[in-house]
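# kindly return the folded structure for what I paste below:
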Amino acid sequence: MISPTLLVPRRVRRRARPAFTLLELLVVFAIVSVLLALLLPAVQRAREAAGRAACQSNLRQIGLALHSFHDIYDFLPPGLATEADKQDGYHTGFTYLLPFLEQDNIYRLYQMDKQWYDADNYPAVGQQVPLFYCPSNRTRGILDLTPFIQQWGAAMPPYVGACDYVLCKGANACLWPDTSGIPPQAKGLFNEALFRPSDSLRGGGAGIAIPQQAVRLAGITDGLSSTIAIGEAAGGNPYYVIADLNNLSQPAIDPFLGGPATMEQAWAAASMGDTQHPWYAGIFGVTAQIGFGPNPMDEPMNRRPGMPTLLGNDPTGSNATGLDRISGFRSMHLVGCNFLFADGSVHFLPQAIDPALYRALSTYAGGEPVSGIDF
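Numbering: from 1, shown residues only. Model prediction:
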């Protein structure tokens, strides 16, 4: 009988598995790095293309709401409805569009005969409307008003729903309800309007302020397809900080926050800063601060640091002194911004656009020739 131990080889010789050499590993890492370098930009471009398309879709829906409002009231909503002192605000143009954006629940919460910061309006103004955010920047966000409460020494809601779009005020920053002093070549579709709660039923609906110089689609003599209505204003992003008025190349330091003031606005915040609080953006956007004369004070797209919005109490009624200021348009698309035009179309304009053409597109009755741009 053969012993089982005799069946086991005394020594099993195995050939050693060859390992990667250092040089081979370096070559593999180099190839992977090149592939990632080629792939990541493509992924980023695809993501940005999707964000830009979604942003354009948002603006188209807002455009439909704007036309629906006009169909009912026969005029465009005011950009800002305020009291006589111009800082006590009631509504913004976005507030009026809520029922046409399937946001009736928020609109019903809003007490239209009271200021946006009244305690009764806290439940409404704190709401976040998904359509008001550009996906290339964010999909939600709030404006924390705690520092504002400290700055102004006034009661306000703790926060308000933010917004990445602003109403085009044209090529002029005049913050005065009477816009008759603004030349046609500088006036945009949205301006201020006086609001008196006692007149809340005027215009066919509760709380609708009728602008003193109401804009109707038929009055857009420059052409609906050549007139900007709403544009982008990326908010809450540290990429865009507000400029120091004493040195526009440097960011403004908000003493209450202890750092650079970030550009931000809220769909319901119908207020603005002043020379004592020059750290806010706002619900308007402009292409120039004056818009006429030898120095129109052009406001470039995607400007960094950006211009604050503030009431400078210009005495001319046309902002000829440039004391009033309004922030410009900006986006996280970097090379330009999406804009909703008065005909409901949406176009992407490059930030390198000619300043005169940019101003012309932002006004509605200036009579300027519009050429050199292909939609």
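
# and G79, how far is that from P177?
11 Å (CB to CB, to the nearest Å). No exception for glycine: its C-beta is placed from N, CA and C like everyone else's.

# with neighbour numbers in mind, choose between these two.
G79 (26 against 21; other CB atoms under 10 Å).

# which residues do G79 and P177 both contact?
Both G79 and P177 are contacted by N191, E192, A193, under the criterion CB atoms under 8 Å, 6 or more residues apart in numbering.

# my guess is the second one contacts W176, does it?
This points to E192. Yes. Using CB atoms under 8 Å, E192 is in contact with W176, at 6.7 Å.

# the more surrounded of these two?
Set E192 next to W176 and count neighbours by other CB under 10 Å: E192 wins out with 25 against 21.

# quick one: residues contacting the more buried one.
With contact set as CB under 8 Å, 6+ apart, E192 has these partners: P78, G79, L80, A81, T82, K86, L175, W176, P177, T179, P211.

# got it, and A288?
A171, N172, A186, P296, M297, D298, E299, P355, R359.

# what of G282?
V166, Q265, A269, S271, M272, G273, T309, I326, S327 are the contacts of G282 under CB under 8 Å, 6+ apart.

# now the fourth one. Nearest residue, chain neighbours left out?
Read it as S271. Closest residue to S271 apart from its sequence neighbours, by CB to CB, 6 or more residues apart in numbering: G89 at 4.6 Å.

# buried stuff in stretch 295-303?
Neighbour counts over stretch 295-303 (16 or more other CB atoms under 10 Å) mark P296, M297, D298, E299, P300, M301, N302, R303 as buried.

# same deal with stretch 216-235?
For stretch 216-235, a neighbour-count test (16+ other CB under 10 Å) marks 217, 220, 222, 224, 226-235 as buried.

# ends of that stretch, what's the gap?
End-to-end distance for stretch 216-235, by CA to CA, to the nearest Å: 29 Å.

# from now on call the first residue 18
Yep, numbering from 18; the last one is stretch 233-252 now.

# what about it, average pLDDT?
For stretch 233-252, the mean pLDDT works out to 97.

# quick one: that stretch to chain centroid distance?
How far stretch 233-252 lies from its chain's middle: 15 Å, per CA atoms, centre = their mean, to the nearest Å.

# please name every helix or strand in contact with whatever helix or strand S85 lives in.
Using DSSP states H and E, the element containing S85 is helix 39-90. The elements that helix 39-90 packs onto, with contact taken as 3 or more CB pairs under 8 Å, 6 or more residues apart in numbering; DSSP states H and E, are helix 110-114, strand 182-187, strand 245-249, strand 353-358, strand 363-367.

# hey, what's the spatially most central residue of the chain bridged with?
With the centre of the chain defined as its mean C-alpha position, the nearest residue by CA atoms, centre = their mean is A250, 2.2 Å away. Assessed by DSSP bridges, A250 has beta-bridge partners R347.

# from what I see, it and E281 are in contact.
No. With contact defined as CB under 8 Å, A250 does not reach E281; the gap is 9.0 Å.

# C-alpha coordinates for stretch 190-203, CSV please?
Extracted in CSV, the C-alpha atoms of stretch 190-203 (Å, rounded to 0.1, in the frame of the first residue of the first chain):
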residue,chain,number,x,y,z
ALA,A,190,-31.0,104.0,-12.8
CYS,A,191,-33.4,106.8,-11.9
LEU,A,192,-35.2,105.7,-8.8
TRP,A,193,-38.3,107.9,-9.0
PRO,A,194,-41.9,106.9,-9.6
ASP,A,195,-42.3,109.7,-12.2
THR,A,196,-40.3,108.4,-15.1
SER,A,197,-41.3,111.2,-17.5
GLY,A,198,-37.9,112.9,-17.1
ILE,A,199,-36.0,109.8,-18.4
PRO,A,200,-35.3,110.2,-22.2
PRO,A,201,-36.8,107.5,-24.3
GLN,A,202,-33.4,106.2,-25.4
ALA,A,203,-32.7,105.3,-21.7
